[in-house]
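> below is the sequence, then the predicted model.
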Amino acid sequence: WRHTFLMYAARLLEERLWTTTQERLAAEQEQALIEEEEKAARELAAREETKRLAKERKRERQRARKLEETTLARQKEEAALREASEERRREEERDKARRESAARAAAAAEEERLDRERKQAELRRQKELRKKQQQQELEARRAKEAADKQQQQQQQQ
């Protein structure tokens, strides 16, 4: 009887051990599957995150490029405006210099004209003085000649 009981107990223990081993193996396989699925999910998430980050970096590069293009365009426009403003200023300075030069030339021409008129007036005055002086000298000579003639006639009488 004892032998049968021991055999039965050994058989139960063996079955329980086999069942426990099978359950443990099944649990390990299930755990391995879960870990594999989790790993696959993590890899998929990592790939998705990598794609998302790549897209975000691309958008950032596009934004930066557009900002740079906008900045360059604005700088070019500002440079063109400064150049146009500088050109206008230079043109205004040239116009002002031309006007001042023309005004100086006109003033010089007017001064020359006045100077010529003064010289001509002085020449006319000197000419008139010489003419008067010659006239006076002529009149004095005639008067002297007349006086000489009269004195000769008185001496002859």
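The structure has been received and is ready for your questions.
> contacts, neighbours, all on C-alpha from now
Fine.
> now the helix or strand where Asp95 lies, how far from the chain's geometric center?
Taking DSSP states H and E as the definition, Asp95 sits inside helix 2-156. A distance of 0 Å separates the centroid of the chain from that of helix 2-156, by C-alpha atoms, centre = their mean, to the nearest Å.
> now that helix: mean pLDDT?
Average pLDDT, helix 2-156: 95.
> show me what it is packed up against.
Contacting helix 2-156 under the criterion 3 or more C-alpha pairs under 8 Å, 6 or more residues apart in numbering; DSSP states H and E is no other helix or strand.
> number the chain from 14, please
Okay, using 14 as the starting number, the last item reads as helix 15-169.
> from Gln148, how far off is Gln133?
Relative to Gln148, Gln133 is positioned 22 Å away (criterion: C-alpha to C-alpha, to the nearest Å).
> same question, Leu127
Leu127 sits 31 Å away from Gln148, taking C-alpha to C-alpha as the criterion.
> same check, this time on Ala93
Look at Ala93 and Gln148: by C-alpha to C-alpha, they are 80 Å apart.
> do Thr83 as well
95 Å.
> now swap in Ala54 and tell me
Going from Ala54 to Gln148 by C-alpha to C-alpha gives 137 Å.
> likewise for Glu69?
Glu69 is 116 Å from Gln148, by C-alpha to C-alpha.
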